[in-house]
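Undergrad: Next input, structure requested:
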Amino acid sequence: MKIDSIDCWIEVDGKKLDEYGVEVSEGGKACAAWIPSEVGQKFAVCCQDTNRRRESTGYVQADGKDCGGKVLRSSRTADMWTMNGVAMSTTTVRHFQFGALALTDDDSYLTKNQQNVGEIKVELWRCHVGGATLAGIPAIGEPMKMHERSKKGVAHAVQFGEEKRMATPLTFVEITKVGVAPFATFTFRYRGIDMLRANGIAPPAETAVPHHSRSASSTSHAGRPARGRKRKASEALTPDREDVKPEIIDMDEVEDVEDRVRQAENELRRARLAMHRKRGNKKIKLEDVLPIVPGEVLDLTELDSD
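TA: Residues are numbered from 1 along each chain as shown. From the prediction side, this is the model:
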């Protein structure tokens, strides 16, 4: 996405993720878009500002959690910064990655403000840069969880990988914001590509056009082309109009199916929880139970033996 001289994007394996449904608001000072996410996928937040007449700081939030920021000085020689994780010290980092959103039956999560789950936000502020400091390490807290009866349509969350050593130590500096609001805000709403397609946000997956060979009936016994209307090249790969039927997506039906799938998964999770507790594991919680374990056969008969 772009605002004036500023470009901001999410990058995976050195490539920008596609952006869908870009919206501009706040008089052109804010942009929002949808991006595709995959479980286990590491990503980086990137920003470029070619205006060297100002000093700026970019603050990154993931699912509403503060993840720190980067600074562009007016005396800089490069206009871009990249943030691929949360710095835990001047020498270690935990990398950003998309993961499956953990569900819980803890009712205390029903009252928590989780409206920013599924979003990566970047705020750019004008600032004054001060001296070096050690007070720049954010507290990322526990992994993101959501109550099983909460927000629909969110299956992924930003997670943080294992703490790893950085090749180059970081320097934290004191920042004083200038102004009462950021001069640019970018919001990336991430969802699985299938969900984006099902909701009409991302285009359908491309399908290969089959290659049709000329049939024997298209030529006469003498090898001459059969008589008939000639087709233009643009028509050669275009099916007859009466054979084309528009695909209509019923969003209510999609949501009903998603609800039934989630209910079935929750029932299976509860059955697995009961099985674990039956076997003596009393400390296990619902959020620790996976709905499906590949290759495992779940014997539900033992749950009825009380």
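Undergrad: ok, what's across the strand from residue 191?
TA: Residue 191 forms beta bridges with residue 36, as assigned by DSSP bridges.
Undergrad: In contact with it, which residues?
TA: Residues near residue 191 by CB atoms under 8 Å, 6 or more residues apart in numbering: 34, 36, 37, 118, 153, 154, 155, 156, 201. C-beta coordinates here come from the backbone N, C-alpha and C atoms, glycine included.
Undergrad: Next, format these as a markdown table and append neighbour count and distance to residue 172.
TA: Shown next, in a markdown table, are the contacts of residue 191 (neighbours: other CB atoms under 10 Å; distance: CB to CB, whole Å):
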| residue | neighbour count | distance to residue 172 |
| --- | --- | --- |
| 34 | 24 | 33 |
| 36 | 23 | 33 |
| 37 | 27 | 29 |
| 118 | 24 | 29 |
| 153 | 13 | 37 |
| 154 | 20 | 33 |
| 155 | 18 | 35 |
| 156 | 22 | 30 |
| 201 | 16 | 38 |
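Undergrad: quick one: which of those residues is nearest to residue 277?
TA: residue 155 (26.7 Å; CB to CB).
Undergrad: ok, now which ones touch the nearest residue to residue 31 once chain neighbours are set aside?
TA: Closest residue in space to residue 31, ignoring its immediate chain neighbours: residue 1 at 4.2 Å, by CB to CB, 6 or more residues apart in numbering. Applying CB under 8 Å, 6+ apart, we find residue 1 in contact with 7, 8, 9, 19, 22, 31, 33, 186.
Undergrad: OK, contacts around residue 46?
TA: 8, 9, 10, 11, 16, 80, 81, 82, 83.
Undergrad: Can you verify it is assigned to a helix?
TA: No. Counting by DSSP: H, G, I helix; E, B strand; the rest coil, residue 46 is not found in a helix; it is strand.
Undergrad: Just name the shakiest helix or strand of the chain by mean pLDDT.
TA: The weakest-scoring helix or strand in the chain, judged by mean pLDDT, DSSP states H and E, is helix 233-236 (a mean of 40).
Undergrad: about what we covered before: just among the contacts of residue 1, which is most surrounded?
TA: Within those, residue 186 tops the neighbour count with 26 neighbours, counted by other CB atoms under 10 Å.
Undergrad: separation between it and residue 30?
TA: 8 Å (CB to CB, to the nearest Å).
Undergrad: now residue 147
TA: 29 Å.
Undergrad: Out of the contacts of residue 191, which comes closest to residue 99?
TA: residue 156 (6.7 Å).
Undergrad: returning to what we had before: the contacts of residue 46 into CSV, with extra columns for distance to residue 58 and pLDDT?
TA: Converted to CSV, the contacts of residue 46 look like this (distance: CB to CB, whole Å; pLDDT from 0 to 100):
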residue, distance to residue 58, pLDDT
8, 8, 97
9, 12, 97
10, 13, 97
11, 14, 97
16, 17, 96
80, 11, 94
81, 7, 94
82, 11, 94
83, 8, 93
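Undergrad: possible to save those as JSON lines with distance to residue 53?
TA: JSON lines is the format used below for these (distance: CB to CB, whole Å):
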{"residue": "8", "distance to residue 53": "19"}
{"residue": "9", "distance to residue 53": "23"}
{"residue": "10", "distance to residue 53": "27"}
{"residue": "11", "distance to residue 53": "26"}
{"residue": "16", "distance to residue 53": "26"}
{"residue": "80", "distance to residue 53": "17"}
{"residue": "81", "distance to residue 53": "17"}
{"residue": "82", "distance to residue 53": "22"}
{"residue": "83", "distance to residue 53": "23"}
